[in-house]
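Peer 1: curious how this folds, go ahead:
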Amino acid sequence: MSMKKLFLLIILFVFVGSSALRAQARVITGTVTSATEGEGPIPGVSVVVKGTTAGTITDANGKYSLTVPDGATTLVFSYIGMKSQDVEIGGRSVINGVLESALIGLNEVVVTALGISREKKSLGYATQQVAGDAISTIKTDNFINTLSGKVAGVNIKANGNMGGSTNIVIRGSKSLTGNNQALFVIDGVPVDNSNTNNSGQRQGRAGYDYGNAAADLNANDIESIDVLKGAAASALYGARAANGVIMITTKKGAVSKGLGVTLNSNVTVGIIDESTFPQYQTEYGGGYGPYYSNTDDNPGTVHLGLHYEDVDGDGTPDYFVPFYEDASMGEKFNPSLMVYQWDAFVPGSPNFGKKTPWVNSSHGPIEFFDKAVSFTNSIDITGGSDKAAFRLGYTNLDQKGIMPNSQLRKNSVNFNGSYNILKNLKVSASANYVNTNGKGRNSTGYSDNIMTSFRQWYQTNVDMKLQKDLFDATGRTQNISWNRTWFDDAVPLYWDSPYWVRYKNYESDERNRLIGLHRPTGKLQTG
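Peer 2: Numbering: from 1, shown residues only. Prediction:
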């Protein structure tokens, strides 16, 4: 065969082969949009033929064009911060992709300032994310407490007071005398999280703990929490963020047609933990021991800690408890020893005018507390159209505290809305309104605190049930205290009746708060 014929044959094979390849390939076009964030078309989305290296990315308008071989079966759409989507090709030439947010369990992308999503590896400081479900499953009056143990390097100290404050410090204290609290940011808005305890409380004086201001946010409205650790996070929000940032993103509606309604109800019951309650000695009763013994007036057996004086006026000295002392270092309990106790001088008491055996009380301070019951009810309404999306959430918390006559009521309303004005311009707005009503918060500090009495200044012979029965018998109008000034003087010397404090001398408070944000967002048009 001549060289000329061979050359023509090669050209023929190349032409036939290329024609066959063109016959086996086809072009697929489409648009990729967001299903959950309401941002419309998404530029930069990777579109790849599954199992091959053939692929492209969407342009500024979210559109793509890709030549795929005839045997291709699946297209894969992927984008940072979104869930990947596999779509079967079939016989179609137009395939549109719809990507959903992947905030839950996301490791690669975090939310920083003003709701901006950035790759985690590009940040100059450590971060960690907690999904909203992780903190809203167990209903509490302070969602910050539920972060405990979920974020590395974050120290959370909560107290047991109803609606009480929580101290949150990221990577240890930075200042010996200043503020070490992390900055809270809700949907890009820095919020005040100041501790409202006054200087007197911090020095042990009386007061009330009204809780962190950031805890006003309802846990059911939270989509995710990003913890930005370290001083480098201050670049986002200035010096206020030097102690780190707790970045909270609330739930939002999706650009879609239709209306969705979700209802949730929850009941939580709490009881006092006996293992954390003081363990009282049961051998000695009220008083300070030898200070009240008198061998001259009591020639027989000397009973340390009991006062010896004619109480009933029969000319014979009687033993009575030094109820004016708030200690339990007195006479050793002896059931055969009959004494006048505090209730022997209270008209209406079953022991009025009677001596009773000197024994430890069968109803101690732990019986003072009630069962705590919390009811949480919420409703979420979401909806939208091709250009708009909204979410409206309402939650009601009604909590009965563990202290008698204590209650916390909180009503929270959250709204998020967005509207796509132009193809690459969206306006969004969010607002959180919280109304909080507290009743009977426990006093903190050292003085005027019932718990101070129960833990230190108390008499183990005092029957708490009898204290309650006598208070109720008077129509809850009299301050009948075990801590009388003298056997013929009922005025409390140091401590009021704990039931008088809870039902007649309680505190009440109300707080209204509005957190809102309105901002336009857009994408740079290129090309």
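
Peer 1: hey, let's count contacts and neighbours off CA atoms from now on
Peer 2: Fine.

Peer 1: what's the spacing between the residue positioned nearest the centre of the chain and Asn212?
Peer 2: Centroid-nearest residue in the chain, with Cα atoms, centre = their mean: Phe143, separated by 1.1 Å. Note on Phe143: its distance to Asn212, by Cα to Cα, to the nearest Å, is 10 Å.

Peer 1: swap in Ser406?
Peer 2: With Cα to Cα as the criterion, Ser406 and Asn212 are 18 Å apart.

Peer 1: next, the contact list for Phe345, please.
Peer 2: Remark: with contacts taken as Cα atoms under 8 Å, 6 or more residues apart in numbering, Phe345 is in contact with Phe352, Gly353, Phe487, Asp488.

Peer 1: where does Asp469 sit: helix, strand or coil?
Peer 2: State at Asp469, reduced to three classes by DSSP: H, G, I helix; E, B strand; the rest coil: helix.

Peer 1: count the residues that sit near it.
Peer 2: Asp469: 13 surrounding residues under other Cα atoms under 10 Å.

Peer 1: what's the answer for Asp488, then?
Peer 2: Neighbouring residues of Asp488 were enumerated by other Cα under 10 Å; the total is 10.

Peer 1: quick one: it from Pro347, how far?
Peer 2: Note on Asp488: its distance to Pro347, by Cα to Cα, is 12 Å.

Peer 1: same question for Asn505.
Peer 2: Asn505 sits 23 Å away from Pro347, going by Cα to Cα.

Peer 1: now the residue nearest to the centre of the chain. Nearest residue, chain neighbours left out?
Peer 2: Distances taken as Cα to Cα, 6 or more residues apart in numbering put Ala219 closest to Phe143, at 5.8 Å, once the chain neighbours are dropped.

Peer 1: surely the one you found is in contact with Asp141?
Peer 2: No: under the contact definition of Cα atoms under 8 Å, Ala219 does not touch Asp141, with a separation of 9.1 Å.

Peer 1: which of these two has more neighbours?
Peer 2: Set Ala219 next to Asp141 and count neighbours by other Cα under 10 Å: Ala219 wins out with 26 against 23.

Peer 1: quick one, phi psi at the more buried one?
Peer 2: Dihedral pair for Ala219: phi -60, psi -30, per degrees, to the nearest 10.

Peer 1: swap in the one 5 residues further on?
Peer 2: In this entry, Ser224 is assigned phi and psi values of phi -160, psi 160 (degrees, to the nearest 10).

Peer 1: next one: Asp472
Peer 2: Main-chain torsions, Asp472, degrees, to the nearest 10: phi -70, psi -40.

Peer 1: hey, where'd the strands end up in the stretch 201-350 of the chain?
Peer 2: Secondary structure of the stretch 201-350 of the chain by DSSP state E, counting those that start in this stretch: the strands cover 207-208, 222-228, 245-250, 258-270, 307-309, 318-320, 334-339.

Peer 1: confirm that Ala490 sits in a strand.
Peer 2: Yes: the assignment for Ala490 (three-state DSSP) places it in a strand.

Peer 1: can you get me a residue count around it?
Peer 2: Number of residues near Ala490 (other Cα under 10 Å) recorded here: 17.

Peer 1: again, but for Leu217
Peer 2: Leu217 is flanked by 24 other residues according to other Cα under 10 Å.

Peer 1: any chance you could map the helices in the chain?
Peer 2: According to DSSP state H, the chain carries its helices in the segments 3-24, 133-136, 199-202, 234-237, 450-455, 464-473, 498-504.

Peer 1: for the third one, which positions count as buried?
Peer 2: The reference is to helix 199-202. Within helix 199-202, the residues that qualify as buried by neighbour count (16 or more other Cα atoms under 10 Å) are Gln201.

Peer 1: repeat that for stretch 502-521.
Peer 2: For stretch 502-521, burial by neighbour count (16+ other Cα under 10 Å) applies to Arg502, Tyr503, Glu507, Ile515, Gly516.

Peer 1: for stretch 159-167, same thing?
Peer 2: By neighbour count on 16+ other Cα under 10 Å, the buried set for stretch 159-167 is Asn161, Met162, Gly163, Gly164, Ser165, Thr166, Asn167.

Peer 1: so which of those sit within strands?
Peer 2: Among the buried residues of stretch 159-167, the members found in strands (DSSP state E) are Thr166, Asn167.

Peer 1: mind putting the buried residues of stretch 159-167 in JSON lines, pLDDT and distance to Met329 included?
Peer 2: Formatted as JSON lines, the buried residues of stretch 159-167 follow (pLDDT from 0 to 100; distance: Cα to Cα, whole Å):
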{"residue": "Asn161", "pLDDT": "78", "distance to Met329": "30"}
{"residue": "Met162", "pLDDT": "83", "distance to Met329": "33"}
{"residue": "Gly163", "pLDDT": "81", "distance to Met329": "36"}
{"residue": "Gly164", "pLDDT": "81", "distance to Met329": "34"}
{"residue": "Ser165", "pLDDT": "80", "distance to Met329": "36"}
{"residue": "Thr166", "pLDDT": "80", "distance to Met329": "37"}
{"residue": "Asn167", "pLDDT": "78", "distance to Met329": "37"}
